[in-house]
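K.L.:
Attaching a predicted model along with its sequence, questions to come.
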Amino acid sequence: MLLQIELFVLAAMLVVMVGAWAYGLAVKNGGWTDVFWTWGTGVVLAAAAVVASPDTGSWMRWIVPGMIFLWALRLGAYQLFYMRVP
């Protein structure tokens with residue numbers, strides 16, 4: 001099970017970063033790579049944390065994925081704001 005989760009994270013982040021690279025080339029702004037990396041990492045790792053946790057039906061299952069998602073949302077918004085401000 002752990003190997004499948006690791007392979008999922010690897011494949012998903014490969015797709016995210018290739019998309020970030022292509023988008024950065026299209027808009028001629030490499031700063032988008034950081035935003036893609038942050039939000040992609042947050043979503044992918046939060047999903048992996050949900051899948052890896054035992055299915056107890058408890059609200060505690062959502063603490064770590066929630067914190068990962070909030071971290072990614074905050075950092076990505078910060079990067080997005082300062083990337084656009086000259």
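P.N.:
Arrived safely.
K.L.:
buried sites along the strand or helix carrying residue 64?
P.N.:
In the assignment (DSSP states H and E), residue 64 maps to helix 63-84. Residues of helix 63-84 classed as buried: 65, 68, 69, 72, 75, 76, 79, 80 (neighbour count, 16 or more other CB atoms under 10 Å). To be clear about C-beta, it is placed using only N, CA and C from the backbone, and glycine gets the same treatment.
K.L.:
can you check stretch 54-63 too?
P.N.:
Of the residues in stretch 54-63, none is buried (16+ other CB under 10 Å).
K.L.:
in the longest helix along the chain, what's buried?
P.N.:
With secondary structure taken from DSSP state H, the chain has its longest helix at helix 2-27. Applying a neighbour-count criterion of 16+ other CB under 10 Å, one finds 9, 12, 13, 16, 20, 24 buried in helix 2-27.
K.L.:
need the next SSE after that helix, C-terminal direction.
P.N.:
Following helix 2-27 in sequence, per DSSP H and E, is helix 32-52.
K.L.:
Low-confidence stretches in this structure?
P.N.:
Filtered on pLDDT under 70, the chain yields the residue ranges 85-86.
K.L.:
picking up where we left off before, could you dump the helix holding residue 64 to CSV, C-alpha only?
P.N.:
Extracted C-alpha coordinates of helix 63-84, given in CSV (Å, rounded to 0.1, in the frame of the first residue of the first chain):
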residue,chain,number,x,y,z
ILE,A,63,-6.2,16.9,11.0
VAL,A,64,-2.9,16.2,9.1
PRO,A,65,-4.4,16.6,5.6
GLY,A,66,-6.2,19.7,6.7
MET,A,67,-3.0,21.3,8.0
ILE,A,68,-1.1,20.3,4.8
PHE,A,69,-3.9,21.9,2.7
LEU,A,70,-4.0,25.1,4.8
TRP,A,71,-0.2,25.4,4.6
ALA,A,72,-0.3,25.1,0.8
LEU,A,73,-3.2,27.5,0.4
ARG,A,74,-1.4,30.2,2.6
LEU,A,75,2.0,29.8,1.0
GLY,A,76,0.6,29.6,-2.6
ALA,A,77,-1.5,32.7,-2.0
TYR,A,78,1.6,34.6,-0.6
GLN,A,79,3.7,33.5,-3.6
LEU,A,80,1.0,34.5,-6.1
PHE,A,81,0.5,37.9,-4.5
TYR,A,82,4.2,38.8,-4.5
MET,A,83,4.8,37.3,-7.9
ARG,A,84,2.2,39.7,-9.4
